[in-house]
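*Asks:* Predicted model, plus sequence, below.
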Amino acid sequence: MDDPSFFCSFRGAVYPVSLESTTNNRENQFESLVDLCAYKIVQDATQTLHAVQNVPPEICINLMKAALSCGRDRAIEALISHWPLTVMSLRKLAPDPFRSFKCLYDEEHLYTEVKHGVRITTGLAHAFVESLKRRTPTKLKHLDLTGYPTVEMIVQYLSFHCQLSLNESRQKRMITAYNKLCSNHECGEKKDYNMYETLPDAEDSYIIKLNAFLNKEETVMDLCKALKISKSPDSRFKLQVHSLDATCLGEARVHILLELLDPQFLTHVRLQYNGLGSDGVSRLAPALSKLTNLTALDLSCNNIAISSNQAACDRLQQVFRSLPYLRRLDLSNSRIRNKLKIIDGLKTPLQYLKLAGCSLCEASLNFLASSHHLQGVTELDLSENSLGQHCVLICGMIRSARSNILVLELQECNFTNVHLEQLVYSCLQLRNLKLLNLSCNDFYWEPLINSIARLSCLLDLLVFKATYPLNTPEEPTEKEVEHRHICESISTHSASWRNRDRLFTVILHHPYAGDRVFDIQLKNIVM
């Protein structure tokens, strides 16, 4: 579970990154006296246990926030075991792991945030179940972990207890019926049978809401059983899946999952690398159409030949028409070509649209340029499409969306030095742009540096990504020299421009040295 590639897979359409706040305001805020005391108390589990039994319920919330922030597992267990409220929502107790803009471009930062989120969900789920087993005086009935990554091991752990609870309930009913039958008949020697139940008996069910990450067959089988049990009125321990991330499972298992998931709760679905193909998507379409509360859908990397399979095209169009709340869509690595009009059925503009490697042609680009989606999209990714020959059309599209685009990715689009001036001119009109990715396009060094300097004048631009020219030597120039070169160029172009005080990050990919990150504090540049 310490594999960085695993944690960095939590990105894309179903893991929205906050684009509103780009800094952590916590450092600029004064801690309240209650919070300071809470941080001190949770350092010791015994003090925490004493506090949770004596302080008002609202103070327990401060204690849990402090324990989660500090990673105090024993304090978390003590708080769960005596939780005075029936509901606990993780969203109200811990910061969103995807709250930072850095999650979009900094894999190390994403790794750290997701790993912390996984630790929180793992600790809370385990502490809750164990507190029920130990018959602690907790009042907690509903644990909401949605919005935070839950690893496969915990999904399997919770699914097992869901099955165990139902099996024990059935056994208890059989024993009760047997004892009652025996009491109605005269027996020489009467004996009542009893059984110990793992989870306590309760009038209301215990419910855990979560985001499920799956890529193993055995976990899918266990979760399917748990979902079926959760629909039973006899179940005392229920699972509600609000986000499904199912990868590398195959069409058959995905289909079973979609049929068993409750459309009332499911809002995010990612089905990457399941080898669905055009026929598989056509067969899944009825199940997808039932998920009417979906806000995010990722069908990328499934080799869906939309352009050459009219049946798949029609089915997907029907699916989109049945999803009125969909705001985030990823169809990357699907052969769309001239069939992008399938998303016209989405009446509300998309906020996130990723069409990387879709072989987009002029007809699809013209549709997007005139589509209502262009007026609402904040994150647009057209990477890995041959767009050089359509540069004028792309630039017109960029200018049309100048008031709403925050993230624009045009990586590996066959742009050359000829197109750079047009692209920069158009991007300079994106008044709210925060991240621009022009990596893996063939630009010369001096025009690229000149473009970086001009783009730094965009007051909200925080990150620019590009690639060193193809003729870059294997031994790159010293980073300090290049940093000074970029700063000098920015200083020249910003002489008559009042730059906002901010950190401007330039990421240049070197074919031999990897990524070079230049963090430039614009206020420190002499104008």
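*Replies:* Yes, it's here.
*Asks:* Show me where this protein dips below the pLDDT cut-off.
*Replies:* Under the criterion pLDDT under 70, the flagged ranges of the chain are 1-5, 8, 21-29, 171-179, 181, 184-197, 202-203, 471-476, 493-500, 524-527.
*Asks:* at 50 instead, please
*Replies:* 22-27, 496, 526-527 (pLDDT under 50).
*Asks:* My guess is K347 contacts S322. True?
*Replies:* No - applying Cβ atoms under 8 Å, one finds K347 not in contact with S322, separated by 11.3 Å. No exception for glycine: its C-beta is placed from N, CA and C like everyone else's.
*Asks:* Neighbour count for the two, which is higher?
*Replies:* S322 (16 against 11; other Cβ atoms under 10 Å).
*Asks:* Contact partners for the more buried one?
*Replies:* By Cβ atoms under 8 Å, 6 or more residues apart in numbering, the contact set of S322 is 289-290, 292.
*Asks:* what's the first-to-last distance across stretch 301-311?
*Replies:* By Cα to Cα, to the nearest Å, the extent of stretch 301-311 from end to end equals 19 Å.
*Asks:* what's the spacing between that stretch and its chain's center?
*Replies:* Its chain's C-alpha centre and that of stretch 301-311 lie 26 Å apart, by Cα atoms, centre = their mean, to the nearest Å.
*Asks:* now do stretch 91-105
*Replies:* That offset, for stretch 91-105, works out to 10 Å (Cα atoms, centre = their mean).
*Asks:* what do you get for stretch 445-464?
*Replies:* 29 Å.
*Asks:* hmm, who's touching it?
*Replies:* Under Cβ under 8 Å, 6+ apart, the answer for stretch 445-464 is 22, 101, 104-105, 417, 420-421, 424, 427-428, 430-436, 438, 443, 466, 468-469, 485-486, 489-490, 492-494, 497, 499-500, 502-507, 520, 522.
*Asks:* for that stretch, which positions count as buried?
*Replies:* 448-458, 461-464 (16 or more other Cβ atoms under 10 Å).
*Asks:* In these, find the pair that's most separated.
*Replies:* N450 and L462 (19.8 Å; Cβ to Cβ).
*Asks:* who's in contact with the nearest residue to R337 once chain neighbours are set aside?
*Replies:* Among residues not flanking R337 along the chain, S307 sits closest, at 3.7 Å (Cβ to Cβ, 6 or more residues apart in numbering). The contact partners of S307, taken as Cβ under 8 Å, 6+ apart, are 313, 335-339, 359.
*Asks:* Sticking with S307, tell me its helix or strand.
*Replies:* Using DSSP states H and E, S307 is not contained in any helix or strand.
*Asks:* could you measure it against S334, distance?
*Replies:* For S307, the distance to S334 equals 9 Å [Cβ to Cβ, to the nearest Å].
*Asks:* just I490 next, same as before
*Replies:* 39 Å.
*Asks:* Over to R283?
*Replies:* 16 Å.
*Asks:* Which one of those two is surrounded by more residues?
*Replies:* S334 (27 against 17).
*Asks:* Look at the more buried one and tell me its secondary structure.
*Replies:* Following DSSP: H, G, I helix; E, B strand; the rest coil, S334 is assigned to coil.
*Asks:* sorry, back to before: can you tell me which of the contacts of stretch 445-464 end up in strands?
*Replies:* Of the contacts of stretch 445-464, the ones assigned to strands by DSSP state E are 435-436, 466, 503-507, 520.
*Asks:* farthest pair in those residues?
*Replies:* Farthest pair in the ones in strands among the contacts of stretch 445-464 (Cβ to Cβ) is A466 and L503. Separation: 17.7 Å.
*Asks:* And the two? Which one has more around it.
*Replies:* Neighbour tally, A466 and L503, criterion other Cβ under 10 Å: the higher count belongs to A466, 22 against 13.
*Asks:* show me the contacts for the more buried one.
*Replies:* Contacts of A466 (Cβ under 8 Å, 6+ apart): 438-439, 441, 443, 448, 452, 506-509.
*Asks:* Now it. Nearest residue, chain neighbours left out?
*Replies:* L438 (5.0 Å).
*Asks:* related to what we said a few turns ago, in helices, which of the contacts of S307 appear?
*Replies:* Applying DSSP state H to the contacts of S307, the entries found in helices are C313.
*Asks:* can you tell me which of the contacts of S307 lies nearest to L140?
*Replies:* I336 (47.0 Å).
*Asks:* Tell me if I'm right that that closest one and K354 touch.
*Replies:* No - I336 is beyond contact range of K354, at 11.8 Å (criterion: Cβ under 8 Å).
*Asks:* Comparing the two, which residue is more hemmed in?
*Replies:* When I336 and K354 are compared for neighbours, I336 comes out ahead with 26 against 22, by other Cβ under 10 Å.
*Asks:* T295 versus the closest residue to that one other than its chain neighbours, what's the distance?
*Replies:* Taking Cβ to Cβ, 6+ apart, and ignoring the residues beside it in sequence, I336 has C358 as its nearest neighbour in space, at 4.2 Å. Distance of C358 to T295, given as Cβ to Cβ: 22 Å.
*Asks:* okay, these two: which has more neighbours?
*Replies:* Here C358 and T295 are set side by side on neighbour count (other Cβ under 10 Å), and the busier one is C358, at 25 against 19.
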